[in-house]
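[1] Take a look and give me a structure for this.
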Amino acid sequence: MNSIPPFSDPQHRADDDHLKTLSILHFVLGGLNLFGGAWAIVQSTFFGPFMEKMFADFEKNAAARGQNGPFVPDMSAMMHGMMKFFTVLAIVWAVVGVLNIFSGYFLRHKRHRTFSLIVAALNCLHIPLGTVLGVFTFIVLGRGSVREAYQNKTSD
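    Coordinates of the predicted model:
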């Protein structure tokens, strides 16, 4: 009879360590994404009125100089476009941050392997840190021993 407890062989211990490390890194990247989303909201909320006033002054000065030709950009439209861009950016960063936090939790508990693979694919778009994390997530979750651990749901 085999009296060796599970996870006593070096491969299972290494897999456990790699999954824990990936879990921590997913939490860190999720936090960075949430911080980026919060920063985009702060930028559009607090700096928006300042930029709008600056653009309005620019338009007044351009009109006073007689520069109302086709080469003078519509600053208010540009400002509204920037505000929409920052809003979309904040939403995307927040969603990706929450997905990374969930993925970190699932990696820690060896659940929902497919979800973590999808998040790793999304992370590959986040150059350079997300790309490195995504590639290493693919490498670790692609191992046969890790697939087996997910199927058996053996965890700490």
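
[2] rest of the way, CA atoms for contacts and neighbours
    Will do.

[3] What is the least confident helix or strand in this protein?
    One helix or strand of the chain scores below all others by mean pLDDT, DSSP states H and E: helix 10-64, with a mean of 84.

[4] for that helix, packing partners?
    helix 75-108, helix 129-141, helix 144-152 (3 or more Cα pairs under 8 Å, 6 or more residues apart in numbering; DSSP states H and E).

[5] Tabulate the CA atom coordinates of the shortest one in PDB.
    Listed next in PDB are the C-alpha coordinates belonging to helix 144-152 (Å, rounded to 0.1, in the frame of the first residue of the first chain):
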ATOM      1  CA  GLY A 144      -0.900  17.900 -16.500                       C
ATOM      2  CA  SER A 145      -0.300  17.800 -12.700                       C
ATOM      3  CA  VAL A 146      -2.100  21.000 -12.200                       C
ATOM      4  CA  ARG A 147      -5.100  19.900 -14.300                       C
ATOM      5  CA  GLU A 148      -5.200  16.800 -12.200                       C
ATOM      6  CA  ALA A 149      -5.200  18.800  -9.000                       C
ATOM      7  CA  TYR A 150      -8.000  20.900 -10.300                       C
ATOM      8  CA  GLN A 151     -10.000  17.800 -11.200                       C
ATOM      9  CA  ASN A 152      -9.400  16.200  -7.800                       C
END
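
[6] between it and helix 129-141, how big is the angle?
    Helix 144-152 and helix 129-141 are oriented at 80 degrees to each other (axes from the mean of the first three to the mean of the last three Cα atoms, to 10 degrees).

[7] model confidence over helix 144-152, on average?
    Averaging pLDDT along helix 144-152 gives 89.

[8] Could you do the second one as well?
    Across helix 129-141, pLDDT averages out at 95.

[9] helices or strands up against that helix?
    Secondary elements touching helix 129-141 (3+ Cα pairs under 8 Å, 6+ apart): helix 10-64, helix 113-123.

[10] If we use 7 Å, what do you get?
    Packing partners of helix 129-141 (3 or more Cα pairs under 7 Å, 6 or more residues apart in numbering; DSSP states H and E): helix 113-123.

[11] any idea how far the helix it packs on is from the chain center?
    Put simply, helix 113-123 sits 11 Å off its chain's centre (Cα atoms, centre = their mean, to the nearest Å).

[12] before we move on, back to that, wait, which of the helices and strands packed on helix 10-64 is closest to Ala56?
    helix 75-108 (7.1 Å; Cα to Cα).

[13] Understood, closing this out.
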